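Chemist: Okay, sequence plus prediction incoming.
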Amino acid sequence: MTDWIAEEHRYLFQNYGRQPVVIERGLGTRVWDVDGNEYLDFVGGIAVNVLGHSHPAVVRAVAEQAEQLIHTSNLFYTKPMIELARMLVEHSGLDRAFFCNSGTEAVEAAIKLARRWGRDTRAGAYEIITTQDGFHGRTLGALSATGTARYREPFEPLLPGFAIVPWNDLDAVRAATSERTVAVMVEPIQGEGGVNMPAPGYLAGLREWCTERGLLLIFDEVQTGIGRTGELFAFQHEGVRPDILVLAKGLAGGVPIGAILAREDLAAHFVKGDHGSTFGGNPLATAAALATLREVMAPGFLARARESSARLLARLRAIEDRHELVTSVRGRGMLLAIGLARECSAQVVDECRRRGLLVNNVRPDAIRLLPPLNVTDEEIDRACDILEAAIASLDAPPK
């Protein structure tokens, strides 16, 4: 029998901390490894699998599109790309869409668009204010905007033009603003930072400041978008609309895609030749995204997802009440985390996996849960039973 983990160690770069599971297939919230073991998947492809694994609508869309047309390049028009752009524009309140292949590429496009706009309209302003514990991607531009030191420091010096300030601190944003500032870019909820919620009024305050000073407000919704927080876009909870919106992860239900949406007057600053992507907006990815969006936006779907989130939150808070190891429950929708009293999240992950639940140790003292939006009540209850058993096994204070 092939030792697939040994083969991975032999042939791949060793830059991932993978859990020791070789997943072979998935259906809904469940996955099976090559040995036939079944797990509940509350990692969800890191907020990608909004409909779970192998959802029939996405499978059908990909299969039908693959038989018809997979790739043409952006030298030609294709219907799925145009249909997807129309759907996103109509439901976001923004005016134009650009497609690429990932979240970090979408962030790069947003950075370039902001800088081009600053050059054209603000005497060359180029600096973007971002926040500590923020995460915007792994390419050099997106990494330069990322406020998490452990991602940035191994690759310094990074690109100039970013001012990183504390999260949830409007005064810090105001103080960092100068004649060089062109935009403020934040996640509506910090995902990789540990599922950190915005303080009441924070996002609205950013909108007010950007409007007052003539700056762009960029929301990175790579992780929070496409129903993950209970609305199609997280900014809709706050009634605060950005000038540029960045999307990826859940947009195509598992097929790689990225997108930015922008106001008409901003999009006009990208003229022919300014930006592009060979695979961006290809028919396969956009067909998958159309199928995903139609499911998420179907009548009652998000309302049901919010009910499921309430059930999951209630179960997690009950665990918090019963166990000293759990210090907090935070997040919104199906983007949730539990804080731990000590740095033992990797042990919790291991204990959960042994019992049949996959979760993510997003921080040394935090566990992130990202189930599909259509997770069932029975799956929520089973997952929480496993999670509580894992926590109970570690709840005694360390010696």
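Modeler: Great, that's in hand. On a predicted model such as this, the values are computed, not experimentally measured, just so you know.
Chemist: Just the residues contacting stretch 353-367, thanks.
Modeler: Contact with stretch 353-367 is made by 19, 21, 31, 37-43, 46, 191-195, 337-346, 348-349, 352, 368-370, 382-383, 386-387, 389-390, as judged by C-beta atoms under 8 Å, 6 or more residues apart in numbering. Yep, even glycine has a C-beta here, placed from its N, CA and C like the rest.
Chemist: Now list the buried members of these.
Modeler: 19, 21, 31, 39-43, 46, 191-195, 337-340, 344-345, 348-349, 352, 368-370, 382-383, 386-387, 390 (16 or more other C-beta atoms under 10 Å).
Chemist: Filter the contacts of stretch 353-367 down to just the ones in strands.
Modeler: Within these, residues falling in strands by DSSP state E are 31, 38-41, 337-340, 368-369.
Chemist: Kindly reformat those as JSON lines and extend each row with pLDDT and distance to Thr72.
Modeler: Shown next, in JSON lines, are the ones in strands among the contacts of stretch 353-367 (pLDDT from 0 to 100; distance: C-beta to C-beta, whole Å):
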{"residue": "Val31", "pLDDT": "98", "distance to Thr72": "33"}
{"residue": "Glu38", "pLDDT": "98", "distance to Thr72": "40"}
{"residue": "Tyr39", "pLDDT": "98", "distance to Thr72": "38"}
{"residue": "Leu40", "pLDDT": "98", "distance to Thr72": "39"}
{"residue": "Asp41", "pLDDT": "98", "distance to Thr72": "34"}
{"residue": "Ala337", "pLDDT": "98", "distance to Thr72": "41"}
{"residue": "Ile338", "pLDDT": "98", "distance to Thr72": "46"}
{"residue": "Gly339", "pLDDT": "97", "distance to Thr72": "48"}
{"residue": "Leu340", "pLDDT": "97", "distance to Thr72": "49"}
{"residue": "Arg368", "pLDDT": "98", "distance to Thr72": "38"}
{"residue": "Leu369", "pLDDT": "98", "distance to Thr72": "39"}
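Chemist: From those, pick the one nearest Ala109.
Modeler: Arg368 (26.4 Å; C-beta to C-beta).
Chemist: Go ahead and report the secondary structure state at the residue lying closest to that closest one once chain neighbours are set aside.
Modeler: Spatial nearest neighbour of Arg368, excluding adjacent residues (C-beta to C-beta, 6 or more residues apart in numbering): Val362 at 3.9 Å. Applying DSSP: H, G, I helix; E, B strand; the rest coil to Val362 yields a three-state assignment of strand.
Chemist: Next up, the contacts around Pro80.
Modeler: Counting by C-beta under 8 Å, 6+ apart, Pro80 makes contact with 65, 283, 286-287, 290.
Chemist: Kindly format the C-alpha coordinates of the one helix or strand it maps to as PDB.
Modeler: Here Pro80 sits within helix 79-92, counting by DSSP states H and E. Extracted C-alpha coordinates of helix 79-92, given in PDB (Å, rounded to 0.1, in the frame of the first residue of the first chain):
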ATOM      1  CA  LYS A  79     -21.100  34.100 -21.100                       C
ATOM      2  CA  PRO A  80     -20.400  32.700 -17.600                       C
ATOM      3  CA  MET A  81     -17.900  35.500 -16.900                       C
ATOM      4  CA  ILE A  82     -20.400  38.200 -17.900                       C
ATOM      5  CA  GLU A  83     -23.300  36.500 -16.000                       C
ATOM      6  CA  LEU A  84     -21.200  36.200 -12.900                       C
ATOM      7  CA  ALA A  85     -20.100  39.900 -13.100                       C
ATOM      8  CA  ARG A  86     -23.700  40.900 -13.500                       C
ATOM      9  CA  MET A  87     -24.900  38.900 -10.500                       C
ATOM     10  CA  LEU A  88     -22.100  40.300  -8.200                       C
ATOM     11  CA  VAL A  89     -22.700  43.900  -9.300                       C
ATOM     12  CA  GLU A  90     -26.400  43.700  -8.800                       C
ATOM     13  CA  HIS A  91     -26.100  42.300  -5.300                       C
ATOM     14  CA  SER A  92     -23.200  44.300  -4.000                       C
END
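Chemist: Show me the helices in the stretch 101-250 of the chain, by range?
Modeler: For the stretch 101-250 of the chain, the helices defined by DSSP state H, counting those that start in this stretch occupy 103-121, 140-145, 149-152, 170-176, 202-213, 235-238.
Chemist: Which strands or helices does the last one pack on?
Modeler: This points to helix 235-238. helix 202-213 (3 or more C-beta pairs under 8 Å, 6 or more residues apart in numbering; DSSP states H and E).
Chemist: I'd like the average pLDDT over the helix it packs on.
Modeler: Over the span of helix 202-213, the pLDDT mean works out to 98.
Chemist: Please apply the same query to stretch 143-161.
Modeler: Throughout stretch 143-161, pLDDT has a mean value of 94.
Chemist: Using CSV, write out the CA atom coordinates for the lowest-mean-pLDDT helix or strand in the chain.
Modeler: Sorting the helices and strands of the chain by mean pLDDT, DSSP states H and E puts helix 149-152 at the bottom, at a mean of 91. Listed next in CSV are the C-alpha coordinates belonging to helix 149-152 (Å, rounded to 0.1, in the frame of the first residue of the first chain):
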residue,chain,number,x,y,z
ALA,A,149,4.6,39.8,11.9
ARG,A,150,5.2,36.1,11.6
TYR,A,151,4.1,36.1,7.9
ARG,A,152,6.0,39.3,7.1
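Chemist: could you point out the longest helix in this protein?
Modeler: helix 301-322 (DSSP state H).
Chemist: quick one on the thing from earlier: how about the helices of the stretch 101-250 of the chain in JSON lines, adding distance to Thr278 and mean neighbour count?
Modeler: Compiled in JSON lines, the helices of the stretch 101-250 of the chain are given as follows (distance: least, C-beta to C-beta, whole Å; neighbours: other C-beta atoms under 10 Å):
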{"stretch": "helix 103-121", "distance to Thr278": "11", "mean neighbour count": "23"}
{"stretch": "helix 140-145", "distance to Thr278": "18", "mean neighbour count": "22"}
{"stretch": "helix 149-152", "distance to Thr278": "27", "mean neighbour count": "13"}
{"stretch": "helix 170-176", "distance to Thr278": "36", "mean neighbour count": "16"}
{"stretch": "helix 202-213", "distance to Thr278": "33", "mean neighbour count": "17"}
{"stretch": "helix 235-238", "distance to Thr278": "30", "mean neighbour count": "18"}
